[in-house]
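>>> quick one, what's the 3D model for this:
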Amino acid sequence: MSNKQNSLFNDDRLSSPSLQEARIAQVANRFNRQYHNKDLELPKEVETMPIFGDWVSGKLSQKIASSFWEIARPQKNQSCLDIGCGVSFLIYPWRDWQAFFYGQEISTVARDVLNARAPQLNSKLFKGVELGAAHQLNYQSTQFDLAIATGWSCYFPLDYWKMVAIEVKRVLKPDGLFVFDILDPQKPLAEDWAILETYLGAEVFLESLSEWEKMMKGLGAKIVSKHSGELFELCKVRF
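Sure thing, here's the model as predicted:
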């Protein structure tokens, strides 16, 4: 396991479009397998880790979920963009919030499921999901009141996330909010979860919270509020 674990701390950065595309494809494949319930065969030493038992039982998903609405609840008639949305509209109370939902995804499975099923729940609020990476949002400038990006920041290095934040700033209205979560490497679960995710198909970057804050402040983002979970730090910023 040691060689694999060491790769979690390397200085690999997305220095070229080809590396960038390769990592995006890697993460997309990891989630496509999850949505298809296609499990990978993991090494015995991984299966003996306590976090593996939580993953198999489903307890892990409850521990790591970031409830973005706790610090930025979508408001009625707001236009909201969920980046890396997964199947958000099917499992979160968007109909209760009465907010307009737009999504962008790299998983073809999640995109197809949402575009097929979500209109049946509420065709007025659901505005569709675009297929595409987060650093190239397929939406107009100053279109959204709220942008959300939870559950995937840790799969990409900070230089990629800087591009994402610049794109989010572009599509937000001047008073819009951006909510995202950050893996806190100081949390007890962080290293074991990073190892598990690497074996599930997507390497994790363990970046310090201070580096995240430095990067966001450098882009003119002001931290409005934060919420600390078992694994992730949930942040709300305004540009």
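
>>> quick one, helices of the protein?
2-6, 17-35, 44-47, 50-57, 59-64, 88-91, 94-97, 108-122, 158-171, 190-200, 209-218 (DSSP state H).

>>> mean neighbour count added to these, as CSV?
In short, each C-beta sits where N, CA and C put it, glycine included. Converted to CSV, these look like this (neighbours: other CB atoms under 10 Å):
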stretch, mean neighbour count
helix 2-6, 10
helix 17-35, 15
helix 44-47, 12
helix 50-57, 15
helix 59-64, 14
helix 88-91, 18
helix 94-97, 16
helix 108-122, 16
helix 158-171, 19
helix 190-200, 19
helix 209-218, 14
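
>>> of all those helices, which lies closest to residue 134?
Counting by CB to CB, residue 134 lies closest to helix 158-171 out of the helices of the chain; the figure is 4.5 Å.

>>> would you mind finding the longest strand in the protein?
Criterion DSSP state E: the longest strand present in the chain is strand 172-183.

>>> that strand versus helix 158-171: what angle between them?
150 degrees (axes from the mean of the first three to the mean of the last three CA atoms, to 10 degrees).

>>> any idea how far strand 172-183 is from the chain center?
13 Å (CA atoms, centre = their mean, to the nearest Å).

>>> give me the angle between it and helix 209-218.
170 degrees.

>>> so which bits of strand 172-183 are buried?
By neighbour count on 16 or more other CB atoms under 10 Å, the buried set for strand 172-183 is 172, 176, 177, 178, 179, 180, 181, 182, 183.

>>> now the second one, nearest residue through space, not along the chain?
This points to residue 176. residue 145 (5.3 Å; CB to CB, 6 or more residues apart in numbering).

>>> so what's the one you found up against?
By CB atoms under 8 Å, 6 or more residues apart in numbering, the residues touching residue 145 are 75, 78, 79, 80, 172, 173, 175, 176, 177.

>>> repeat the analysis, applying 7 Å as the threshold.
Neighbouring residues of residue 145 by CB atoms under 7 Å, 6 or more residues apart in numbering: 78, 79, 80, 173, 176.

>>> identify the farthest-apart pair in those residues.
Maximum distance among the contacts of residue 145 (CB to CB): 11.4 Å, for 80 and 173.

>>> identify the contacts common to the two.
Contact criterion CB under 7 Å, 6+ apart; residues shared by residue 80 and residue 173: 144, 145.
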